[in-house]
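Student: Have a look; sequence and predicted model below, questions after that.
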Amino acid sequence: MPSRDSSFRGLPPRKRFTLTLLLIYAVSLPVISGISYYILRDSAVRDAYRTARLYLSTIEAARHYVGTELRPVLYEELPERFIVEGMSRSYIARKIAKKVLEELPGYRYKNASLNPRNPQSAADDFERDIIERFKESKQREWRGVRSDDGRQYYVIALPGKPVKESCLRCHGDPETAPREIVERYGTKAGFYMKVGDIVDALFVYTPINVPLKRARDTVMVFIGMYTVFFAFIFVVIDRRFRWFYQRIESDKKEIEEFNREILNLNQEMEAIVAERTTGMIGLRVADRIRNPLTIIGGLCNRLLRKELDEETREKISSILLECRKMEEMIEEFDALVKTKRFLFKRVDLNEIILSVVRPLEKEIRERGIELTLRLQDKPLLMNANRQLLKIAVGHLLSNAIDASSPGDRISIVTAAEDDRIVLEISDTGVGISEEDLPRIFNPFFSTKERIGMGLPLVKQVVDEHLGEITVESELYKGTTFRITFPRYWIGE
């Protein structure tokens, strides 16, 4: 059973790319959204903490002022009285908190106590648990999130000061407590405390529903923007890759066409070379056989003019008859080779050169050879057999590549001169020696280790196109082949 990975790899490249983008989006969206929400939430919480801490510091400063400065002064002036409005830290803190909270809507302050005189200050279960933690662990601050009445609050709690000996005057035995406290609050709560006890804590409740909602809304906006941005990028990249894949498919087809063309060209070249080689060899063999046959036939005719016995005359006549048969066969073979013609059409020489150069450009580039094309800007139409002409041009270009080294240059130039078309293929390679230059178009001659039939074939193709080919070369300085073709044949 094929795996998912193999199924994915089996998809076309464009579909694989699309699925990969969608997967990146599906994975990145929750990750980025989660991180963004965490950052925004943390920022909201830190803002709430700073505000609440400042608020608590204000309340604590007021309590400290009452306990260390205001109350002692009032005790000194009114030793027998306890004025709640000026001497109770909790009362004054609550009043200051109420005034400050007018500027902080939604905020709540509470001096929660385990044994409060004011019922409003009684600690609930949540606050009681925090106070117990302060008593047990000596913790100096608690902070966290609490849900209450359908709203979320960021809570900061500071432990109250441990009960001191001076505190027992108001919070010890109710019999000795100030008359003003007993009259206002009674004797049921706020008494019988012990020195060192922690019985209360200061709580500030900072509403964070709004900043958290703002954080969620911001994340939702970000998700929308990210989705739009990703969709835009997806469309742009998809279109770009669609063009890219189309270009790849186009280049692939073009390369396949080049490969087929090169293969066909090689096969045709091999067939033509073999055919032309066989033809040239046949013509040479026929030419060499023709001379002895002529001599043998002439000798037989001379002998027949002499007086010979009948048997000898018959034998000589038979020899002469066979010679004539062989001559006829040679003449038929010669006529067959010489009269063979290929189909010629009007073709553009520039287009043929480009079709030859394109498959060889990569090889030329890899060899470090500079290639220059200076083709006539207008079509150069002539009568030609397209494949034969491609073989000839291809062979000259291949020779130029073989003769060149990295840093050398190959130049191909076409031009029109009156009623002639000119093609020049030059290179700055090793060149041809003066001794070898006159023989390069001879069959079987080669400066390489293999039999040379390329340049003779090139000359034969040029001749068949009623053209002329010349060559100039200097050893180690380069070679230039110049070919001219007629624009039109006589009689057109």
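Tutor: Thanks, I have it. Residues are numbered from 1 along each chain as shown.
Student: mind listing the helices for the protein?
Tutor: For the chain, helices defined by DSSP state H occupy the ranges 4-9, 13-65, 71-77, 84-87, 89-101, 125-137, 168-171, 179-185, 209-304, 310-338, 349-366, 386-403, 454-464.
Student: Need the CA coordinates for the fourth one. CSV is fine.
Tutor: Output for helix 84-87, consisting of C-alpha atoms alone and laid out as CSV, is shown next (Å, rounded to 0.1, in the frame of the first residue of the first chain):
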residue,chain,number,x,y,z
VAL,A,84,-12.4,57.0,63.3
GLU,A,85,-12.3,59.5,60.5
GLY,A,86,-8.7,60.6,61.4
MET,A,87,-7.2,57.6,63.3
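Student: I figured Tyr25 was touching Phe230, is that so?
Tutor: Yes - between Tyr25 and Phe230 a contact is recorded at 5.3 Å, counting by Cβ atoms under 8 Å. Using the backbone N, CA and C atoms, a C-beta is placed for each residue, glycine as well.
Student: related to what we said a few turns ago, can you say which of the helices of the chain is nearest to Val195?
Tutor: Of all the helices of the chain, helix 168-171 sits nearest to Val195, with 7.1 Å by Cβ to Cβ.
Student: if I pick Ala97, what's in contact with it?
Tutor: Going by Cβ atoms under 8 Å, 6 or more residues apart in numbering, Ala97 touches 55, 59, 109.
Student: what about it, distance to Asn118?
Tutor: 13 Å (Cβ to Cβ, to the nearest Å).
Student: export the contacts of Ala97 to CSV and tack on distance to Ile83 and neighbour count?
Tutor: Listed next are those as CSV, based on distance: Cβ to Cβ, whole Å; neighbours: other Cβ atoms under 10 Å:
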residue, distance to Ile83, neighbour count
Tyr55, 26, 20
Ile59, 20, 21
Tyr109, 22, 21
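Student: Closest to Asp309 out of those?
Tutor: Among the contacts of Ala97, and counting by Cβ to Cβ, the member closest to Asp309 is Tyr55, at 154.2 Å.
Student: Not including adjacent chain positions, what is the nearest residue to the closest one?
Tutor: Spatial nearest neighbour of Tyr55, excluding adjacent residues (Cβ to Cβ, 6 or more residues apart in numbering): Val204 at 5.4 Å.
Student: Serialize the helices of the chain to TSV and add fields for mean pLDDT and distance to Val471.
Tutor: Formatted as TSV, those follow (pLDDT from 0 to 100; distance: least, Cβ to Cβ, whole Å):
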stretch	mean pLDDT	distance to Val471
helix 4-9	61	55
helix 13-65	80	50
helix 71-77	77	122
helix 84-87	74	123
helix 89-101	77	106
helix 125-137	88	104
helix 168-171	75	124
helix 179-185	76	127
helix 209-304	72	20
helix 310-338	73	26
helix 349-366	90	18
helix 386-403	89	10
helix 454-464	85	9
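Student: Make a markdown table from the ones you listed and add distance to Arg420 to it.
Tutor: Formatted as a markdown table, those follow (distance: least, Cβ to Cβ, whole Å):
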| stretch | distance to Arg420 |
| --- | --- |
| helix 4-9 | 59 |
| helix 13-65 | 51 |
| helix 71-77 | 124 |
| helix 84-87 | 123 |
| helix 89-101 | 106 |
| helix 125-137 | 107 |
| helix 168-171 | 126 |
| helix 179-185 | 127 |
| helix 209-304 | 25 |
| helix 310-338 | 26 |
| helix 349-366 | 12 |
| helix 386-403 | 15 |
| helix 454-464 | 13 |
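Student: Relative to Ile412, which of the ones you listed is closest?
Tutor: With respect to Ile412, and counting by Cβ to Cβ, the nearest of the helices of the chain is helix 349-366 at 6.1 Å.
Student: in stretch 173-191, what counts as buried?
Tutor: Residues of stretch 173-191 classed as buried by neighbour count (16 or more other Cβ atoms under 10 Å): 174, 177-178, 180-182, 185, 189-191.
Student: mind listing what Thr227 touches?
Tutor: Per Cβ under 8 Å, 6+ apart, neighbours of Thr227: 25, 29.
Student: next one: Ile469
Tutor: Residues in contact with Ile469 (Cβ under 8 Å, 6+ apart) are 441, 458-459, 462, 481-483.
Student: Roughly how far does it sit from Asp463?
Tutor: To Asp463, Ile469 is 8 Å away according to Cβ to Cβ.
Student: burial of Glu472, as a residue count?
Tutor: Look at Glu472: counted by other Cβ atoms under 10 Å, it has 14 neighbours.
Student: what bridges to the residue nearest to it when sequence neighbours are not counted?
Tutor: Leaving aside its sequence neighbours, Glu472 sits nearest to Thr480 (Cβ to Cβ, 6+ apart; 4.9 Å). Taking DSSP bridges as the rule, Thr480 bridges to Ser426, Glu472.
Student: close enough to count as contact, Thr480 and Val471?
Tutor: Yes - taking contacts as Cβ under 8 Å, Thr480 lies within contact range of Val471: 7.0 Å.
Student: coming back round to it: in a markdown table: the contacts of Ile469, plus distance to Cys323 and neighbour count.
Tutor: Below are the contacts of Ile469 laid out as a markdown table (distance: Cβ to Cβ, whole Å; neighbours: other Cβ under 10 Å):
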| residue | distance to Cys323 | neighbour count |
| --- | --- | --- |
| Phe441 | 34 | 17 |
| Val458 | 38 | 23 |
| Lys459 | 34 | 20 |
| Val462 | 37 | 21 |
| Phe481 | 44 | 24 |
| Arg482 | 46 | 15 |
| Ile483 | 43 | 25 |
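Student: Ser36: which of those residues is nearest?
Tutor: Nearest to Ser36, judged by Cβ to Cβ, of the contacts of Ile469 is Phe481 at 71.5 Å.
Student: isn't that closest one right next to Ile432, touching?
Tutor: No - using Cβ under 8 Å, Phe481 is not in contact with Ile432, being 10.6 Å away.
Student: so what sits against both of these two?
Tutor: By Cβ under 8 Å, 6+ apart, Phe481 and Ile432 have these common neighbours: Val471.
Student: Dump the C-alpha coordinates for stretch 390-409 into CSV.
Tutor: Extracted in CSV, the C-alpha atoms of stretch 390-409 (Å, rounded to 0.1, in the frame of the first residue of the first chain):
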residue,chain,number,x,y,z
LYS,A,390,22.5,21.8,-41.5
ILE,A,391,25.0,18.9,-41.6
ALA,A,392,27.5,21.0,-43.5
VAL,A,393,27.2,24.0,-41.1
GLY,A,394,27.2,21.7,-38.0
HIS,A,395,30.3,19.9,-39.1
LEU,A,396,32.2,23.2,-39.7
LEU,A,397,31.0,24.5,-36.3
SER,A,398,32.0,21.2,-34.5
ASN,A,399,35.5,21.5,-36.1
ALA,A,400,35.8,25.0,-34.8
ILE,A,401,34.8,23.9,-31.3
ASP,A,402,37.3,21.0,-31.4
ALA,A,403,40.1,23.4,-32.6
SER,A,404,39.4,25.9,-29.8
SER,A,405,40.5,26.2,-26.2
PRO,A,406,39.2,28.1,-23.2
GLY,A,407,39.4,31.8,-24.0
ASP,A,408,39.3,31.4,-27.8
ARG,A,409,36.5,32.9,-30.0
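Student: Now do it: everything it contacts.
Tutor: Contact with stretch 390-409 is made by 265, 268-269, 272, 352-353, 355-357, 360, 363-364, 367-372, 410, 412, 423, 425-431, 454-455, 457-458, 461-462, 478-479, 481, as judged by Cβ under 8 Å, 6+ apart.
Student: Return a PyMOL selection command for the buried portion of these.
Tutor: Buried subset of the contacts of stretch 390-409, written as a PyMOL selection, criterion 16+ other Cβ under 10 Å:
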select buried, resi 265+269+272+352+353+355+356+357+360+364+369+371+410+412+423+425+426+427+428+429+430+431+454+455+457+458+461+462+478+479+481
